[in-house]
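Q: here's a sequence, model it:
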Amino acid sequence: MMKFLPKLLLLVLLAFPASLLIKGPEVSAQDLTEDEEAEAVDEDIVEDVTAEDEDDEAEVEDDENTELTEEKEDEEEEALVGEVKASPNADTTILFVKGEDFPANNIVKFLLGFTNKGSEDFVVESLDASFRYPQDFQFYIQNFTALQLGTIVPPARQATFEYSFIPAEPMGGRPFGLVINLNYKDNSGNIFQDAVFNQTVTITEREDGLDGETIFMYVFLSGLGLLVIIGLHQLLESRKRRRPAPKVEMGTSSHNGVDLSWIPQETLNQIMQSRRDKASPKRSPRKRSQKRSAGSDE
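A: Numbers count the residues shown, from 1 in each chain. This is a model prediction of the structure:
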């Protein structure tokens, strides 16, 4: 028995690795099948998500198409409702008080006449005006306050209304569309709107008084004139400084810049007298003798 034990152990050691080698491919095959199943599950999930996204996109497109159609219908309804025209039984006229001249930042006034040619009353409700973009009259540039009227105009009668507005100053020198609307209704409740004035006009620049450019020009000219005056004054002063100062005789008060005020006046007089004697011409001996003889005779 002890003889067969080493052989048995050797056999076990040889058989165990062989069994592991035989089972290895099966395990790997099982692993491969599990990976394939996971990939298949992932593909199914991706397909489901893609399908859901496509459904969501389709729903969004349907919603957008529905919203667009609703917006178009609303716009068409608003356009149909907004097309308010003038009544054939009414006539309007407009007159600008100062002519068709529209100066910027200045009052523009006009009179509007309304004539009832029908057989029932008209109620004139309001009058409004606005400046529009000339290429697109739907775009407002300046909108003025509407004038609330509430005036009843009987048949075969007329009414006159006054309205005024001020174009903005930055609009000067450019064309704009001017729209003036008169809103009224009849006794049946039918609403009418008459575009009394609907044309492109040019806003003129203001030319009166002192504008900013004129004030700046005056200030500039004043400053330039002041600079010229200061320059001339400086030139004259420099010429005066260049002229030599006149010499003034100082007498005995100083000699070559020496102060002589401490010397007594008598001494100064003697010095001056000696200087004068030296400066005077000398007398001849004859004149001196004659003068002495004349003095002795006396």
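Q: only C-alpha atoms from now on, for both contacts and neighbour counts.
A: Will do.
Q: tell me which element Leu111 falls in.
A: In the assignment (DSSP states H and E), Leu111 maps to strand 108-116.
Q: can you give me the buried ones in that strand?
A: By neighbour count on 16 or more other C-alpha atoms under 10 Å, the buried set for strand 108-116 is 108-110, 112, 114-116.
Q: cool, stretch 195-210 as well?
A: Neighbour-count burial for stretch 195-210 flags 196-198, 200-206 (criterion: 16+ other C-alpha under 10 Å).
Q: before we move on, back to that, need the buried residues of strand 108-116 in a markdown table with pLDDT and distance to Asp136, can you?
A: Shown next, in a markdown table, are the buried residues of strand 108-116 (pLDDT from 0 to 100; distance: C-alpha to C-alpha, whole Å):
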| residue | pLDDT | distance to Asp136 |
| --- | --- | --- |
| Val108 | 94 | 23 |
| Lys109 | 95 | 25 |
| Phe110 | 96 | 25 |
| Leu112 | 96 | 25 |
| Phe114 | 97 | 28 |
| Thr115 | 96 | 31 |
| Asn116 | 95 | 32 |
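Q: switch the residues you listed over to JSON lines; also include distance to Lys98.
A: Converted to JSON lines, those look like this (distance: C-alpha to C-alpha, whole Å):
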{"residue": "Val108", "distance to Lys98": "8"}
{"residue": "Lys109", "distance to Lys98": "7"}
{"residue": "Phe110", "distance to Lys98": "8"}
{"residue": "Leu112", "distance to Lys98": "14"}
{"residue": "Phe114", "distance to Lys98": "20"}
{"residue": "Thr115", "distance to Lys98": "23"}
{"residue": "Asn116", "distance to Lys98": "27"}
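Q: and which of those is nearest to Ile215?
A: Val108 (25.9 Å; C-alpha to C-alpha).
Q: now for that closest one: which residues touch it?
A: 96-98, 102, 164-167 (C-alpha atoms under 8 Å, 6 or more residues apart in numbering).
Q: next: Glu205.
A: 103-104, 169, 172-173.
Q: write the ChimeraX selection for whichever of these are buried.
A: Selecting only the buried entries of the contacts of Glu205 in ChimeraX, with 16+ other C-alpha under 10 Å as the criterion:
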select :103,104,172
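Q: for the contacts of Glu205, give me CSV that also has distance to His233, pLDDT and secondary structure.
A: Below are the contacts of Glu205 laid out as CSV (distance: C-alpha to C-alpha, whole Å; pLDDT from 0 to 100; DSSP: H, G, I helix; E, B strand; the rest coil):
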residue, distance to His233, pLDDT, secondary structure
Pro103, 47, 91, strand
Ala104, 46, 92, coil
Glu169, 44, 89, helix
Gly172, 45, 88, coil
Gly173, 46, 87, coil
